[in-house]
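# sequence plus predicted model, see below.
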Amino acid sequence: MSLAGSSNGGNDADVTDREDDARSTELVANRDGRVTIPAQMRRAAGLEPGNRLVVYVEHGRVVIEERDHLLARVQREAIEAAAAADQSDSVVDELIAERRAEAAREADDPPGPAPDTGAAGRAQ
């Protein structure tokens, strides 16, 4: 995938605009499977040379997303999922609280008498 260059030159993909805006553009992959993101779409998405992009397939679609946007989106979705599951506390905090409660129970419940080792234990 190329972020630089013209939208239709040399070995780059053939580009046909469906509309006169950056929301929808039809691309044709070249024989190497490469496509060029047209300049108007790069500008609309804020893409600049050197931006790190992640490409993945989702529901049969090829999705290209800026790495930082993907990270922010995944973090936001995780927070929303935790809130929806009513997990306001972190799992680590919950584990620490359980361990402290267990330690308190053990401190309140003194150990029983030492087991009798019988005659063999006294002979030594």
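Structure received. Numbering: from 1, shown residues only.

# correct me, but Arg67 touches Val55?
No - taking contact to mean CB atoms under 8 Å, the distance of 10.6 Å between Arg67 and Val55 leaves them out of contact. No exception for glycine: its C-beta is placed from N, CA and C like everyone else's.

# are there residues contacting both of the two? Which ones?
Counting by CB atoms under 8 Å, 6 or more residues apart in numbering, Arg67 and Val55 have no contacts in common.

# tell me where the chain has strands.
14-17, 25-28, 53-58, 61-66 (DSSP state E).

# in contact with Ile64, which residues?
By CB under 8 Å, 6+ apart, the residues touching Ile64 are 1, 37, 53-55.

# related to what we said a few turns ago, possible to save the strands of the chain as JSON lines with mean pLDDT and distance to Asp93?
Supplementary listing: those in JSON lines, determined by pLDDT from 0 to 100; distance: least, CB to CB, whole Å:
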{"stretch": "strand 14-17", "mean pLDDT": "45", "distance to Asp93": "52"}
{"stretch": "strand 25-28", "mean pLDDT": "91", "distance to Asp93": "48"}
{"stretch": "strand 53-58", "mean pLDDT": "94", "distance to Asp93": "31"}
{"stretch": "strand 61-66", "mean pLDDT": "93", "distance to Asp93": "32"}
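
# in CSV, list these along with distance to Ala84.
Supplementary listing: the strands of the chain in CSV, determined by distance: least, CB to CB, whole Å:
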stretch, distance to Ala84
strand 14-17, 40
strand 25-28, 36
strand 53-58, 21
strand 61-66, 23
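
# which one of the ones you listed lies nearest to Gly46?
Comparing those against Gly46 with CB to CB, the closest turns out to be strand 61-66 (7.8 Å).

# just checking: what are the partner strands of the closest one?
Note on strand 61-66: by DSSP bridges, its sheet partners are strand 53-58 (antiparallel).
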